[in-house]
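# just need the structure, nothing else, for what follows:
(one chain, ligands or ions: 1)
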Amino acid sequence: MKVADTLAMANTQYYLDKEAQYGAHNYHPLPVVLTKGSGVHVWDIENNRYYDFLSGYSAINHGHCHPKIMEIFLEQAQRLTLTSRAFHNDALGEYAEYITRFFGYDKVLPMNTGAEAVETALKLARRWGYEVKGVAPGEALIVTCSNNFHGRTISIISFSTDEPSKRNFGPYTPGLLTIPFNDLEALKAVLQNKNVVGFLVEPIQGEAGIVVPDEGYISNAAQLCKDANVLFIADEIQTGLARTGKMLACEHEGVHPDMLILGKALSGGTMPVSAVLTSKEVMDTIKPGDHGSTYGGNPLACRVAIAALQALIDENMAENAAIQGEYFRAGLKAINSPYVSIVRGKGLFNAIVIAHEEEDAAWQLCMIMKENGLLAKPTHGDRIRFAPPLTISRTQIEDAVYIIEKSLNKL
Ligand SMILES: *Cc1c(COP(=O)(O)O)cnc(C)c1O
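I've put the predicted structure just below:
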C-alpha cells in the first residue's frame, strides 16, 4: 500500500467526503468513522475507542460481535445462506418452533427489515378484518398513534405525523386513523367504529424520544381492543428483546399482544431479521402466494435469530438492563445540570431532554460526548437517546455517567 493511501485511511474527512459525494444524503451522522466493534465499545479509524450508546437503534442489544452469535453466523454462512421459500431448508422449521414457543404464539411469519414486518402485520390485520371479523370489502381501518415511528414505506409514512417523513411522498395509503398516544379516551372513541380491525402501537415510543406512557396505558388499551374485537398490535422492534428490562416491553403490564412485531436485535445486529408472531386464526388468513419475501426465513437468519434469542436468556440481559437502567437513570438525575430538563426511560431505553437557548445544543452535546469517548445521537432536535448494549456493567455505567456529566459541564 502506498503511503498516501495509508494516510487517507486514517483521515476521517476522506470517508466523510466519499459518502457526501456518492451517497444519498438521507441521514445526518455524527462525523465519526467506525471500523471495529466489540461488546459495548466501537473504534474509529483513528483508533479512538467509544462507548456505543445508540447500539444501532437497539439492534445491538447483545453488544458488538457477540462471540456466540458470531460463531453460529460464520458456521451457517459457510454452509447455506439462502434457499428462497421455493424450497424448504433445515433451519426454518426449527426456528419457527423456537421463536413461537419463546414468545407464546401459534405461528411466525419471517421477514427482513422492521418496516416489512410492520407492513406484514397491517396486511394480516386487514385480512383478518375481512375474513374473520366480517368487515365490508375495502372498509377496514387501522388505528395508530401520533408521533409514532414504524418505518419508511409509503403505507407506513401515511400514518406518520412527522412532517419531513411525509412531505412530497404522497398520495398516501387510505384506511389509517391517528389518535394521540397515551390517550385511552381517544382510543375508546375511535373503537366505536366497527370497521377498525387493528390498533398498532409502540409500548414506549422510541424515535419520538423514549416517551413512556402512563402506567396502565398498555394493559387498558389491550383490554379496550379485546372488548371491541380489534387486534392489539405491538411494534416491539425497538422496545423488545430485553431492552426495557423485560423480554418484551408489554410484559411490564402483563399484556400478550394479538400480534407481535420484532426486528432489529433479533439477529444480534448481524443482518436484517424481522418477524410477525400471532395466532393461527390470524396467520391462516394468508395462503401460499399471498405474501412473501425472497430473503424472509433464510437459513442464515433463522440460525442467527435462535442464537440471539438464546443469548438474551443465557446472559440474563433483561435483568441486567433493568438493574443497570435503574442505576443509570439515578446517575443522570444526580448530575443536576441546568440544561437537562427531563430524564426518562425504562431499563436501558432512556433519554434526556435538553433545555438550552441554542437550538442545536443537543447536537453540540453529542459532539462533546464524542470527544470524551461516548457516542449518542439526538432525535427530534432536543432529545438524546441513551441505549447502550444490554451487556454493560455497573463500572461502565459509572464511567459513562461521568463522561455525560463532564460533557454537560462543557456545554
Ligand atoms: C426501527 C423501527 C422500525 C423500522 O425498522 P427498519 O428495520 O428500519 O425498517 C419500525 N418500528 C420501530 C418501533 C422501530 O424502532
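# show me this protein divided up by domain.
Domain assignment for the chain, taken from automatic domain parsing, gives 3-65+316-410, 67-314.
# tally of neighbours for the closest residue to Ala221 other than its chain neighbours?
Spatial nearest neighbour of Ala221, excluding adjacent residues (C-beta to C-beta, 6 or more residues apart in numbering): Leu187 at 5.7 Å. Placement of C-beta: from N, CA and C, glycine included. The number of residues packed near Leu187 is 24, by other C-beta atoms under 10 Å.
# where does the residue of the stretch 201-350 of the chain found nearest the ligand sit: helix, strand or coil?
Using C-beta to the nearest ligand atom, the closest approach of the stretch 201-350 of the chain to the ligand is made by Gln238 at 3.3 Å. Look at Gln238: counting by DSSP: H, G, I helix; E, B strand; the rest coil, its state is coil.
# residue of the protein closest to the ligand, please.
Gly114 (2.2 Å).
# mind listing what the residue nearest to that residue when sequence neighbours are not counted touches?
Using C-beta to C-beta, 6+ apart and skipping the chain neighbours, the partner closest in space to Gly114 is Gly263 (3.5 Å). When contacts are counted by C-beta atoms under 8 Å, 6 or more residues apart in numbering, Gly263 touches 113-114, 117, 237, 272-275.
# now Cys250
Counting by C-beta under 8 Å, 6+ apart, Cys250 has contacts 203, 218, 222, 234, 236, 256-257, 260.
# for the stretch 301-411 of the chain, just list every one of the helices.
Using DSSP state H, counting those that start in this stretch, the helices of the stretch 301-411 of the chain run over residues 317-335, 361-371, 394-410.
# dump those to JSON lines, plus distance to Leu124.
Below are these laid out as JSON lines (distance: least, C-beta to C-beta, whole Å):
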{"stretch": "helix 317-335", "distance to Leu124": "27"}
{"stretch": "helix 361-371", "distance to Leu124": "38"}
{"stretch": "helix 394-410", "distance to Leu124": "40"}
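# redo these as TSV? Include mean pLDDT and distance to the ligand.
Shown next, in TSV, are the helices of the stretch 301-411 of the chain (pLDDT from 0 to 100; distance: least, C-beta to the nearest ligand atom, whole Å):
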stretch	mean pLDDT	distance to the ligand
helix 317-335	98	16
helix 361-371	97	19
helix 394-410	98	22
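# for Asp183, which of those helices is the nearest?
helix 317-335 (25.2 Å; C-beta to C-beta).
# which strands or helices does the one helix or strand Leu122 maps to pack on?
In the assignment (DSSP states H and E), Leu122 maps to helix 114-128. If contacts are counted by 3 or more C-beta pairs under 8 Å, 6 or more residues apart in numbering; DSSP states H and E, helix 114-128 sits against strand 107-111, strand 141-145, helix 154-158, strand 196-201, strand 231-235, strand 259-262, strand 274-278, helix 280-283.
# the fifth one and the ligand in contact?
Spelled out, it's strand 231-235. Yes. Judged by C-beta under 6 Å from any ligand atom, strand 231-235 and the ligand are in contact via Asp235.
# sorry, back to before: in three-state terms, label the residue nearest to Ala221 for me.
helix.
# can you give me the pLDDT of it?
Here the pLDDT value assigned to Leu187 is 98.
# where does the stretch 1-150 of the chain have low pLDDT?
Residues of the stretch 1-150 of the chain meeting the criterion pLDDT under 70: 1-10.
# near the ligand, which residues of the protein are found?
Counting by C-beta under 6 Å from any ligand atom, the chain comes close to the ligand at 57, 113-115, 118, 149-151, 202, 206, 235, 237-238, 263-264, 272.
# picking up where we left off before, would you reformat the contacts of Gly263 as a markdown table and include neighbour count?
Formatted as a markdown table, the contacts of Gly263 follow (neighbours: other C-beta atoms under 10 Å):
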| residue | neighbour count |
| --- | --- |
| Thr113 | 19 |
| Gly114 | 26 |
| Ala117 | 31 |
| Ile237 | 28 |
| Pro272 | 19 |
| Val273 | 31 |
| Ser274 | 27 |
| Ala275 | 27 |
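# could I get those as JSON lines with distance to His88?
Supplementary listing: those in JSON lines, determined by distance: C-beta to C-beta, whole Å:
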{"residue": "Thr113", "distance to His88": "23"}
{"residue": "Gly114", "distance to His88": "26"}
{"residue": "Ala117", "distance to His88": "22"}
{"residue": "Ile237", "distance to His88": "27"}
{"residue": "Pro272", "distance to His88": "22"}
{"residue": "Val273", "distance to His88": "19"}
{"residue": "Ser274", "distance to His88": "21"}
{"residue": "Ala275", "distance to His88": "18"}
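# and those, which is closest to Trp43?
Nearest to Trp43 among the contacts of Gly263 is Pro272, at 23.9 Å by C-beta to C-beta.
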